[in-house]
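Q: Pasting a predicted model and its sequence here:
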Amino acid sequence: MTTLDFPSFYAEAKDIVFRAVLLATRRPDHAEDAVADAFLRACERWETLAGHPNPTAWVIRTAMNRFISGWRIWRREQAEMPEIVSLVPDEARSLDPFLLRQLWRLPDRQRQVVALRVLADLDTRSTAAALGIAEGTVGVHLMRGLETLRRALAGTDYEEVAR
Amino acid sequence: MTTEHDDQELFERIRRATDHFSFERPAPSALGLRRGARVGRFGSLVAAAAFGAAVTLVALAVLRPQGPPTGSQSPSPNPSRGPVSTPGLESPAPRGTEVPLDAAQRTCLSPRPDSIPDEWLASGETFADINAHLAGLPLAQEEQRSHAGLFVFADERFLILCEMGRRTDGQGDVSIIGALRETSGTPIGYSGGTNLPASIDDAGNTYLADLLMYGPAAANVTRVEVLLEDGSAVEASLGGGVWVGWWNRSISAVGVRATLDDGTTFLLDATMKATVLSPEGTGAPARSEAPAAN
């Protein structure tokens, strides 16, 4: 249970939530909207949410629900938006662009589980709830995702870089 | 065989690889975080004129005894007194000036190959299949007001909400919300809402924000009202199993009330803060009406 006020919670959680939702969705603009919407809902409900055992998990789940249910606003002017799923945003700024590309290429479920379990540090139960899958499935996807990443990294200086 | 230590090393490396991503939007308690990203400019001279009407209407509302709901979700007897429902601030569109349905269909149901999320695809489906499906969505609701027309296209699977500016026939003046259909175990549910921020045109005319909320409605719902924090209410459009409330005043919603066919009412704890944002691109200061967070 947290005793933070909302501004402190927001400052502490916003980047963690965004990274997890961004990697899970691979759509920077939609991820921003979903995260913004989720934090707004958290702000509106902070009196009760402050007593939640893991408000960060709540915000991530809300953001993922918003994304998956398809809440989005299209504008006619943006009908010709470029394909963005295959592009890694800000790749050049990453401290590990090779790994970032591999993360981006993971199958959806593996990528989503890695995002929530690793980046957001959610436990298996919270991850399963956020993604609407069984807890046992979370472990399977995490294992497969990590295996995929290890294979991709096998030819790199993984051990050296990891230190 | 990998160990827990190996996992932790890889976890740490994954975190480093994504550490440069940061969320830069202001906290909702500071500026009133906007919902949704890109929004339409639904302004017109009529909207500017409506601002004066809004001030008048708000002033009247202050004088009226009010009892906004607490947001509980229990059915309650039909109250004898309550917020006065108004069909939005805007007046209906003058006859003959409505946004044509065929224009709405062309604009709102046009293909969006890059905007359809993967999650919308059923097994074996392609984006082309979804686009073809969306193109044939039947009209569920239509409401014409002086500054815009609202069209709701829906079937059992998808929902398209489309608000088109009247003066421009939709050119550059359209907001479209695409979503999967949701159901609710209660008479009405809340799927989403958005603040469409104020904007300013080249002539310096400023336009009020539109606000919109929507959700599923059961077959026995005969009326839906969005209850605003000033004690007034906006009557939502209802049809096709969907309710849509939209209003042209920067006033937060404190709940949604459904009237059922047996005369009882149902209060849904769905709230949305109204925000008035800086007109895009003008450098004008933003003004927030969202109350500070705890």
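A: Perfect, I can see it now.
Q: From now on I want contacts and neighbour counts done on CA atoms only, so please keep to that.
A: OK.
Q: which element is the most centrally placed residue in chain A on?
A: Geometric centre of chain A, nearest residue: residue A:20, 1.9 Å, by CA atoms, centre = their mean. Using DSSP states H and E, residue A:20 sits within helix A:6-25.
Q: For residue A:97, give me the pLDDT.
A: Looking at residue A:97, its pLDDT stands at 86.
Q: Please name the residues that touch the closest residue to it other than its chain neighbours.
A: Counting by CA to CA, 6 or more residues apart in numbering or on different chains, residue A:97 lies nearest to residue A:91, which is 5.7 Å off, once chain neighbours are set aside. By CA atoms under 8 Å, 6 or more residues apart in numbering or on different chains, residue A:91 lies in contact with A:97, A:100, A:101.
Q: could you pull out the helices for chain A?
A: Taking DSSP state H as the test, the helices found in chain A are A:6-25, A:28-44, A:46-49, A:55-68, A:97-105, A:108-114, A:124-131, A:135-153, A:158-162.
Q: next one: chain B
A: B:4-17, B:28-31, B:45-63, B:101-108, B:127-135.
Q: How many residues are close by residue B:125?
A: Residue B:125 has 10 neighbours, counted by other CA atoms under 10 Å in any protein chain shown.
Q: returning to what we had before: ok, so of the contacts of residue A:91, who is nearest chain B?
A: residue A:100 (5.6 Å; CA to the nearest CA).
Q: Flag every buried residue along the helix holding residue A:20.
A: A:6-7, A:9-10, A:13-25 (16 or more other CA atoms under 10 Å in any protein chain shown).
Q: quick one: low-confidence parts of chain A?
A: Within chain A, the ranges that satisfy pLDDT under 70 run A:1-2, A:29, A:67-88, A:155-163.
Q: again, only this time at 80
A: A:1-3, A:27-30, A:33, A:65-93, A:132, A:155-163 (pLDDT under 80).
Q: re the thing from before, got CSV for the contacts of residue A:91, with neighbour count too?
A: Converted to CSV, these look like this (neighbours: other CA atoms under 10 Å in any protein chain shown):
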residue, neighbour count
A:97, 17
A:100, 22
A:101, 16
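Q: tilt between the helix holding residue A:20 and helix A:55-68?
A: Helix A:6-25 runs at 50 degrees relative to helix A:55-68, counting by axes from the mean of the first three to the mean of the last three CA atoms, to 10 degrees.
Q: Can you pull out the residues in contact with helix A:6-25?
A: So helix A:6-25 is contacted by A:28, A:31-32, A:35, A:39, A:43, A:46, A:56, A:59-60, A:63-64, A:67, A:103-104, A:108, A:111-113, A:115-116, A:119-120, B:18-19, B:21-23, B:27, B:29, B:293-294 (CA under 8 Å, 6+ apart).
Q: again, only using 7 Å
A: A:28, A:31, A:35, A:43, A:46, A:56, A:60, A:64, A:104, A:111-112, A:115-116, A:119-120, B:18, B:21-23, B:27, B:293-294 (CA atoms under 7 Å, 6 or more residues apart in numbering or on different chains).
Q: List the buried residues for stretch A:126-144?
A: In terms of neighbour count (16+ other CA under 10 Å), stretch A:126-144 has its buried residues at A:126, A:127, A:128, A:130, A:131, A:135, A:138, A:139, A:141, A:142, A:143, A:144.
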